[in-house]
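> Quick one: sequence plus predicted model below, questions after.
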Amino acid sequence: MALQSVVLHASSCGHVPPMSARPIDHLRLTSVALARGPSSLHPWHPQGCLPTIVGSARARRGKHGADTETEEPLEEQIDVGRKAEAISQQLQLPANQVRALVRQHPAIVGVPVDKLCRCLPPLAHALGVSLWQALFMVSRQPNVLDADLQQLLDCSNELAAAVQLPVEQVMFMAARQPYLLDAQPARMASEARKLAAALVCSTKGALQLLSRLSSKELHAVLSMSSSTILQRLPEVVEALGLPSASTRKLDMLRLVAKHPALLAASLNDIGRSTDALLVAFQRSAPRTFAAVLGKCPSLLTYPAEQILANYQGLLQHLQISRQTVARMLSKHPQLLRSSPDNIACKLRAMAYHMYIPQSQVVSMCVRQPALLSRDSNKLLACLNSLQDILGTNYQAAVIAAARAPNLLLWAPSSLQQKHQLLLEASGLLPARLNALLLQQPGLLTLSTDQLCNTVSSIHELLQVSGTELGQLLLQDPQLLVRGGRVLQEQVQELQDYLAVPASVVAQLLRRNPSILAAGSAVWLSNINTLLKVLQLSPQQVQSAIVTKPQLLKVQPEQLERVSKRLAHLLEQQQPWQQEFQQLSSDQLAFLWRVDSKGL
């Protein structure tokens, strides 16, 4: 027996669902359709009021439902914040996630906490999902708690067989969107295959897209034909109003995969949201703007009025220029979904926890806008963890975070893992390594894979041991930032320019690793200066650089200026010019340390 919406039964009996403070859009639309007659229902919807799993459970409580018409709205009866806190404590789930879920799906507020504690674990166990996923399922359809678990399993098994997927995957999708079990399994499987054919994806992919839609969007998409879905994609692109050159690389299939609601949204609303986004992004280059949409396509279905209000809130609370806000949004466009009050709370919380002025907090957020989407409790946990890892006080940990704001986006366990990796690879004492990381905290923002790859490349290319690596890092910590691939390319370029064996290049870089920071353009310019201005032979240039590697990292303008003065001096003193060609590499290196005017 398929899982039907409780409203199919409640509408015919005149009952109002007592558990929902704000009825789900799908239930309201279905009720209206039933009132208009069977012809107004969606083509995939069952005709008439059939007994259902949830509907039968609801009928047992019908008498209680009839008394709810005179009750006040649940928002007025229940403190939503305290209810979310109670759910979090009783179910041992993260409080911030529960609060966000309650804000997104307020219907769950009407479910008694003791009922959740009693019925939710068996539901999660029956479907083979986590307690959090089961709570999400109940938040979308609270009446699923009263359903027969065996019949839920039967529906899942039938749908899994129809779409030829493991039943565990179907249960996971049903936990995310219980309305997938609303229609007959064969019909839902047919709709999933239709969508898969239109979007050129697998049936599993289509079912995953459907599970991420709201109930209203789900029914809108399922009512579309394959040709309508195919036509819908170019219509959405056209609604953006951007030049074709910028949207040519906009992968609409990927956008739909990230945000399936694009298939059901109003084209006029998409156009208005795009206009609002263009205001927020300060008329950025269309290609840049299209790239931002690829990061966060959900903004296209976000109300235009709310986008503009949130944008004004960013300007008001951050007190920075519109161009700076536009750059922040290019890095983290999700900020346009944060209300002004939320932004103000995040700024105050960061200033309070870090004991720094709000202006400095704003400076950190400009460099790393994702901090404004980070929960303040996680920021505090990260700072405390950083203090323990580096063996320092809280103030020093805050200074490190201010130097590298990305640190606050990493989980404490990940920071600990990377610190341990550096400790073992470098062979440095913990105190020496911690002092280095306090000066260069950005090293802890590198991924574990990058650190491992770079350390391995340094060992191979520079021919160093563990203790020697530590000394190299003390000289030039940026060695780790370059990455293994870039390091290998630079070593090969240096070997080609100097025409020396790899062992000589390794020895040269061990003595002066900061040469790599100058880059190949500076190396080539300085080598050409020595060859053309001073007319040295390639062997002399090679010997001079091996003797004094710093020649490769001198600013080209400075080296050219000194070389021209020395060349002019040699022209005036003919005997010196003859002797100059016979100078040793040590003597040549000495000449560049002495100003030619002194000579």
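Everything's here; your move.
> need the contact list for the closest residue to P405 other than its chain neighbours.
With CB to CB, 6 or more residues apart in numbering as the measure, Q368 is the residue that lies nearest to P405, at 3.9 Å, once sequence neighbours are left out. Using the backbone N, CA and C atoms, a C-beta is placed for each residue, glycine as well. Contact criterion CB atoms under 8 Å, 6 or more residues apart in numbering gives K331, P405, N406, L408, L409 as the residues in contact with Q368.
> Once you drop chain neighbours, what's closest to the third one?
Pointing back at N406 there. In space, not counting the residues next to it along the chain, N406 is nearest to T445; the distance is 4.1 Å by CB to CB, 6+ apart.
> For the one you found, grab the count of nearby residues.
Each residue near T445 was counted by other CB atoms under 10 Å, and the total is 18.
> now swap in the one 5 residues further on and tell me
By the measure other CB under 10 Å, the count of residues near Q450 is 17.
> And the pLDDT for it?
Predicted confidence (pLDDT) for Q450: 90.
> give me phi/psi at the nearest residue to it once chain neighbours are set aside?
Nearest residue to Q450 in three dimensions, chain neighbours excluded: G483, at 5.8 Å (CB to CB, 6+ apart). When read as degrees, to the nearest 10, the backbone of G483 gives phi 90, psi 160.
> Mind checking what helix or strand follows the helix or strand hosting I87 in sequence?
Element membership of I87 [criterion: DSSP states H and E] is helix 80-91. Downstream of helix 80-91, the first helix or strand assigned by DSSP H and E is helix 95-104.
> just so I have it, where are all the helices in the stretch 401-550 of the chain?
Listed from the start of the chain, the stretch 401-550 of the chain has helices (DSSP state H, counting those that start in this stretch) covering 412-426, 430-439, 448-462, 466-475, 479-482, 484-498, 502-511, 515-518, 520-532, 538-547.
> Burial-wise, tell me which of the ones you listed comes out on top.
The highest average neighbour count among the helices of the stretch 401-550 of the chain, using mean count of other CB atoms under 10 Å, belongs to helix 479-482 at a mean of 20.
> could you point out where the chain is predicted with low confidence?
1-79, 182-183, 242, 244-251, 253, 283-287, 570, 573-599 (pLDDT under 70).
> And for T274, nearest residue in space, chain neighbours not counted?
Leaving out its chain neighbours, the residue that sits closest to T274 by CB to CB, 6+ apart is L240, at 5.1 Å.
> I misspoke; the intended subject was L233.
Using CB to CB, 6+ apart, the closest residue to L233 is M252 (4.5 Å).
> so who does L153 touch?
A126, L127.
> which SSE is it in?
Assigning secondary structure by DSSP H and E places L153 in helix 149-163.
> Show me which positions of that helix end up buried.
Of the residues in helix 149-163, those scored as buried under the neighbour-count criterion (16 or more other CB atoms under 10 Å) are Q151, L152, D154, C155, S156, E158, L159, A160, A162, V163.
> Which strands or helices does the lengthiest helix in the chain pack on?
The helix of greatest length in the chain, counted in residues with DSSP state H as the criterion, is given as helix 556-572. The elements that helix 556-572 packs onto, with contact taken as 3 or more CB pairs under 8 Å, 6 or more residues apart in numbering; DSSP states H and E, are helix 520-532, helix 574-580, helix 585-593.
> what's the angle between the longest one and helix 538-547?
With axes from the mean of the first three to the mean of the last three CA atoms, to 10 degrees as the criterion, the two stretches helix 520-532 and helix 538-547 enclose an angle of 130 degrees.
> Helix 520-532 packs against which elements?
Contacting helix 520-532 under the criterion 3+ CB pairs under 8 Å, 6+ apart are the following elements: helix 484-498, helix 538-547, helix 556-572.
> Can you show me the CA trace of it as CSV?
Included here for helix 520-532 are C-alpha records, laid out as CSV according to Å, rounded to 0.1, in the frame of the first residue of the first chain:
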residue,chain,number,x,y,z
SER,A,520,61.8,31.7,-13.4
ALA,A,521,61.2,35.1,-14.9
VAL,A,522,63.7,36.8,-12.5
TRP,A,523,66.2,34.0,-12.9
LEU,A,524,66.2,34.3,-16.7
SER,A,525,66.4,38.1,-16.6
ASN,A,526,69.4,38.1,-14.2
ILE,A,527,71.2,35.4,-16.2
ASN,A,528,70.7,37.5,-19.4
THR,A,529,72.1,40.5,-17.7
LEU,A,530,75.3,38.7,-16.7
LEU,A,531,75.7,37.4,-20.2
LYS,A,532,74.9,40.5,-22.2
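> Give me the distance from it to the chain's centre.
Between the mean C-alpha point of helix 520-532 and the mean C-alpha point of its chain there is a distance of 42 Å (CA atoms, centre = their mean, to the nearest Å).
> what's the answer for stretch 213-231, then?
With CA atoms, centre = their mean as the basis, the distance from the averaged C-alpha position of stretch 213-231 to the chain average is 28 Å.
> Please put the alpha-carbon coordinates of that stretch into PDB.
Written as PDB, here are the backbone C-alpha positions of stretch 213-231 (Å, rounded to 0.1, in the frame of the first residue of the first chain):
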ATOM      1  CA  LEU A 213      13.000  19.000  -3.900                       C
ATOM      2  CA  SER A 214      10.400  20.300  -1.600                       C
ATOM      3  CA  SER A 215       7.000  18.700  -1.900                       C
ATOM      4  CA  LYS A 216       5.600  21.600  -4.000                       C
ATOM      5  CA  GLU A 217       8.600  21.500  -6.400                       C
ATOM      6  CA  LEU A 218       8.500  17.700  -6.500                       C
ATOM      7  CA  HIS A 219       4.900  17.700  -7.800                       C
ATOM      8  CA  ALA A 220       5.600  20.400 -10.300                       C
ATOM      9  CA  VAL A 221       8.600  18.500 -11.800                       C
ATOM     10  CA  LEU A 222       6.700  15.200 -11.900                       C
ATOM     11  CA  SER A 223       3.900  16.900 -13.800                       C
ATOM     12  CA  MET A 224       6.300  17.900 -16.600                       C
ATOM     13  CA  SER A 225       6.800  15.900 -19.700                       C
ATOM     14  CA  SER A 226      10.300  15.000 -21.000                       C
ATOM     15  CA  SER A 227      10.000  17.600 -23.800                       C
ATOM     16  CA  THR A 228       9.000  20.200 -21.200                       C
ATOM     17  CA  ILE A 229      12.000  19.500 -19.100                       C
ATOM     18  CA  LEU A 230      14.300  19.700 -22.100                       C
ATOM     19  CA  GLN A 231      12.800  23.000 -23.100                       C
END
